[in-house]
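Peer 1: attaching a predicted model along with its sequence, questions to come.
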Amino acid sequence: MTKGFWIRRFALVYLAAVALIAGGQMARGREAEFALTHGLLWGVITAVVYTAALVWRTRRGCIASRGD
């Protein structure tokens with residue numbers, strides 16, 4: 001898997017996490033600035049953990065390479 005694959009995967013997970021977390025915070029009645037800050041912080045944490053787990057599984061051979 002190429003470097004571009006990992007960057008795209010990280011970005012996709014990061015953006016999805018930010019949207020979901022910030023949206024959830026705003027649904028709870030938090031201010032937009034707080035919700036966005038919270039989403040940005042936890043989005044990074046989520047994307048790092050997800051990507052690290054995927055890299056680890058790929059290196060162990062648990063995931064077949066698709067050639068992306």
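Peer 2: Everything's here; your move.
Peer 1: going forward, measure contacts and count neighbours with C-alpha atoms only.
Peer 2: Will do.
Peer 1: all helices for this structure, in order.
Peer 2: Assigned by DSSP state H, the helices in the chain fall at 3-27, 32-60.
Peer 1: and those as JSON lines, adding mean neighbour count and mean pLDDT?
Peer 2: Rendered in JSON lines, the data for the helices of the chain read as follows (neighbours: other Cα atoms under 10 Å; pLDDT from 0 to 100):
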{"stretch": "helix 3-27", "mean neighbour count": "16", "mean pLDDT": "95"}
{"stretch": "helix 32-60", "mean neighbour count": "16", "mean pLDDT": "94"}
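Peer 1: ok, now how distant is I21 from T37?
Peer 2: Separation of I21 from T37 (Cα to Cα, to the nearest Å) stands at 10 Å.
Peer 1: over to the most far-flung residue of the chain relative to its centre: give its phi and psi.
Peer 2: Computed with Cα atoms, centre = their mean, the maximum C-alpha offset from the centroid of the chain is found at G29, amounting to 23.7 Å. With angles defined as degrees, to the nearest 10, G29 sits at phi 100, psi 10.
Peer 1: for it, report the pLDDT, please.
Peer 2: G29 is assigned a pLDDT of 94 by the prediction.
Peer 1: repeat that for C62.
Peer 2: So C62 comes in at 74 (pLDDT).
Peer 1: with the one 4 residues further on instead?
Peer 2: R66 carries a pLDDT score of 59 in this model.
Peer 1: check contacts around the nearest residue to I21 once chain neighbours are set aside.
Peer 2: By the measure of Cα to Cα, 6 or more residues apart in numbering, the closest residue to I21 outside its immediate chain neighbours is G39, 4.9 Å from it. Residues near G39 by Cα atoms under 8 Å, 6 or more residues apart in numbering: 17-22.
Peer 1: then G23?
Peer 2: If you count contacts by Cα under 8 Å, 6+ apart, G23 has them with A35.
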